[in-house]
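Novice: Predicted model, plus sequence, below.
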Amino acid sequence: RGPKAPRRKRRKGGSGSGVDATDFDSIDKEKERLRGCIRSVHGRLIALQDKRTKNKKRSNNSPQEQIFMQATTKYHGATDVAQNWLVSEGDATAVERGLHKIFLPDIAETDAEKSASEWGSSMLAKPDLGIRTAELITTAGAYELNLSLRKPKIRFVKGKDSSTSDNNAQGSGNPQIASHDRAKNVPLSPSEPFFQRLGVSNEQGKPRPGMSSKLRQCQKFCEIVGNLIEASLSSMPSFQKLSSINTADMGCGRGYLTFSLHSYLINKYADTYDIRSRGIEVRPKLVAETNGIAEELGTGFDGLRFAEGTIENVVLAGSDNDNRMNGKAENTNLNVLIALHACDTATDDALWSGIREGADVIVTAPCCHKEVRRQLDPYIAQAKDHVLADVLRHNIYRERMAETVTDSLRALLLEIANYSVQVFEFIGGEHTSKNVMITATKCRKERSDAELAELRQRLSDLAAMHGVKKQRLADWMGETVSEEKSIDAQPKQPRISSRRMPPHKVDPYE
């Protein structure tokens with residue numbers, strides 16, 4: 001390990017953040033000084049085979065796997081570098097040369113051989129910025145080197161092992177060679193039976209062609225929602241006894257995320273709570289298919305069911321549980337509502353359903369922000385002196401602004417409904433362009449009247465700045481987004497499209 005990166009230190013007993021401009025300046029100077037210097041180097045033994053013979057039948061004369069020391073060098077303010085040093089039997093020349101480049105860069109034969117970052121080899125020659133400590137793990141113990149002392153010191157600790165390197169191969173005394181492909185720490189195993197039944201992965205847990213992005217999306221989704229559920233459970237008062245965790249996925253499609261989250265919750269909470277999951281989908285063929293898969297999976301998926309319906313159906317199903325929204329009814333369940341890529345105002349319908357039912361966790365990924373865009377375009381065309389006129393005269397920026405304003409209004413409305421809200425990128429843009437996620441977790445303490453008044457003022461200011469006079473979620477909640485209100489305080493029931501199912505009662509959690 002080399003020198004550590006500088007960090008801000010909070011002053012005890014001080015007010016505010018405890019950090020002043022001088023601290024930031026000194027940290028920036030130290031970071032600039034360290035740029036390109038080695039932060040740490042990690043090495044492990046790996047077995048590699050020549051790509052040219054990997055997929056061919058091995059003959060008696062074909063080369064076997066070779067052992068390498070894989071060294072990953074991490075720098076301050078630079079890109080990591082990984083190198084493979086061949087470990088020949090009875091000859092450690094390549095490893096020794098590699099270590100010389102790190103510990104003794106001045107004796108390397110050429111600049112190209114020096115273990116330098118893109119900032120050049122000059123950074124490695126500074127004596128006060130070199131390697132400080134090192135540790136070598138062997139089958140007999142560990143050698144610890146300390147170069148930060150006035151007199152360098154090395155000591156041997158007998159029997160010391162590393163938690164990340166299993167060096168004793170079941171008492172054989174031989175070092176265990178790590179696989180080149182490390183097992184990833186993911187919420188779900190890629191070889192889960194439901195992944196195979198849905199066509200995401202094969203029997204070996206490898207993603208099928210074209211399904212790698214879907215597998216990563218499922219893993220990331222479980223990680224995000226799992227953290228939200230865990231935080232919600234930890235914030236609940238001790239006297240409140242929960243019996244089950246219920247999830248409702250509105251517009252679930254083929255149920256990739258519904259199956260994933262249900263499996264994740266079963267693995268983590270089945271011993272403590274009943275796990276019940278419902279997927280709501282308008283296409284009857286998909287509903288029949290996903291119900292069939294859930295039944296075939298058997299134990300663990302008994303609590304997972306899919307029902308025909310639309311988001312509008314759920315909203316129109318009545319307000320049998322309206323008391324939950326007002327905190328008047330005892331609830332022994334933790335309810336999670338999910339609506340990903342619900343088109344335009346369908347996201348607002350889903351959010352209102354979660355607010356009305358008193359959902360503890362709401363997760364949405366909005367799509368097709370048409371409602372605000374239809375109001376933004378004529379407003380900007382008339383407001384020639386608008387502060388953002390030069391930005392919004394471009395169509396692409398108006399589109400992005402409509403998305404930003406819509407989701408910001410939704411976030412403020414959720415805060416008014418007493419939720420803690422986060423808006424962030426769900427998954428990389430290479431997997432889907434609709435990758436913004438809004439998460440809301442129910443606050444256990446009600447906001448004060450002053451806090452609500454401030455939120456409503458911010459809502460009104462944001463809407464007025466962009467010419468927004470109508471917003472679907474605000475209509476459902478009876479909130480005013482503009483002083484010039486052009487719609488009734490009590491929203492009318494939404495008109496169901498002729499291409500959708502007729503309304504019928506659907507309880508998302510039953």
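Specialist: Yep, it's here. Residues are numbered from 1 along each chain as shown.
Novice: Could you tell me which residues within the helix or strand residue 287 falls within count as buried?
Specialist: Element membership for residue 287 (DSSP states H and E) is helix 284-297. Buried residues in helix 284-297, counting neighbours by 16 or more other CB atoms under 10 Å, are found at 286-287, 289-291, 293-294, 297. C-betas here are computed from N, CA, C, even on glycine.
Novice: mean confidence score for that helix?
Specialist: Here helix 284-297 scores 94 as its mean pLDDT.
Novice: looking at this structure, which helix or strand does the model trust least?
Specialist: helix 51-54 (a mean of 61; mean pLDDT, DSSP states H and E).
Novice: So residue 70 versus residue 88, what's the distance?
Specialist: 15 Å (CB to CB, to the nearest Å).
Novice: higher neighbour count, the two?
Specialist: Remark: of residue 70 and residue 88, residue 70 carries more neighbours, 16 against 11, as counted by other CB atoms under 10 Å.
Novice: element containing the nearest residue in space to the more buried one that is not next to it in sequence, please.
Specialist: Ranked by CB to CB, 6 or more residues apart in numbering and with sequence neighbours excluded, the top spatial neighbour of residue 70 is residue 46, at 4.9 Å. Assigned by DSSP H and E, residue 46 belongs to strand 38-48.
Novice: For residue 413, grab the count of nearby residues.
Specialist: When neighbours are defined as other CB under 10 Å, residue 413 has 26 of them.
Novice: now residue 409
Specialist: If you count neighbours by other CB under 10 Å, residue 409 ends up with 25.
Novice: what's the answer for residue 381, then?
Specialist: 13.
Novice: before we move on, which element is it in?
Specialist: Residue 381 belongs to helix 370-382, assigned by DSSP H and E.
Novice: What residues of that helix count as buried?
Specialist: Counting neighbours by 16+ other CB under 10 Å, one finds that the buried residues in helix 370-382 are 371-373, 375-376, 379-380.
Novice: now for it, which elements pack on it?
Specialist: Judged by 3 or more CB pairs under 8 Å, 6 or more residues apart in numbering; DSSP states H and E, helix 370-382 is in contact with helix 389-392, helix 395-416.
Novice: ok, then the element right after the longest one?
Specialist: Following helix 395-416 in sequence order, the next helix or strand is strand 419-425 (DSSP H and E).
Novice: Other residues contacting that following strand?
Specialist: With contact meaning CB atoms under 8 Å, 6 or more residues apart in numbering, strand 419-425 is reached by 355, 362, 407-408, 411, 414-415, 435-443.
Novice: Mind doing that once more with 10 Å?
Specialist: Applying CB atoms under 10 Å, 6 or more residues apart in numbering, the contact partners of strand 419-425 are 224, 228, 231-232, 235, 351, 354-355, 359-362, 366, 404, 407-408, 410-415, 435-444, 447.
Novice: quick one: that strand to helix 395-416, angle?
Specialist: Strand 419-425 runs at 160 degrees relative to helix 395-416, counting by axes from the mean of the first three to the mean of the last three CA atoms, to 10 degrees.
Novice: average model confidence for the helix or strand just after strand 419-425?
Specialist: The helix or strand immediately downstream of strand 419-425 is strand 436-442, counting by DSSP H and E. Average pLDDT, strand 436-442: 94.
Novice: So which elements touch the helix or strand following strand 436-442?
Specialist: Going down the chain from strand 436-442, the next helix or strand is helix 449-465, by DSSP H and E. Identification of packing neighbours for helix 449-465 by 3 or more CB pairs under 10 Å, 6 or more residues apart in numbering; DSSP states H and E yields helix 370-382, helix 395-416.
Novice: helices or strands up against the next helix-or-strand element following helix 449-465?
Specialist: Moving toward the C-terminus from helix 449-465, the next helix or strand (DSSP H and E) is helix 472-477. Packing partners of helix 472-477 (3+ CB pairs under 10 Å, 6+ apart): helix 346-356, helix 370-382, helix 395-416.
Novice: Output helix 472-477 as CSV - backbone C-alpha positions only.
Specialist: Extracted C-alpha coordinates of helix 472-477, given in CSV (Å, rounded to 0.1, in the frame of the first residue of the first chain):
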residue,chain,number,x,y,z
ARG,A,472,-52.2,14.4,-12.8
LEU,A,473,-50.8,13.4,-9.4
ALA,A,474,-51.5,16.9,-8.0
ASP,A,475,-55.1,16.5,-9.2
TRP,A,476,-55.5,13.2,-7.4
MET,A,477,-54.1,14.7,-4.2
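Novice: isn't residue 283 right next to residue 289, touching?
Specialist: Yes: applying CB atoms under 10 Å, one finds residue 283 in contact with residue 289, separated by 9.4 Å.
Novice: which residues does the residue nearest to residue 42 when sequence neighbours are not counted contact?
Specialist: Nearest non-adjacent residue to residue 42, counting by CB to CB, 6+ apart: residue 72, 5.0 Å away. Contacts for residue 72 (CB under 10 Å, 6+ apart) come out as 40-44, 80-83.
Novice: Quick check on the residues you listed: which are buried?
Specialist: By 16+ other CB under 10 Å, the contacts of residue 72 give 40-41, 43-44, 81, 83 as buried.
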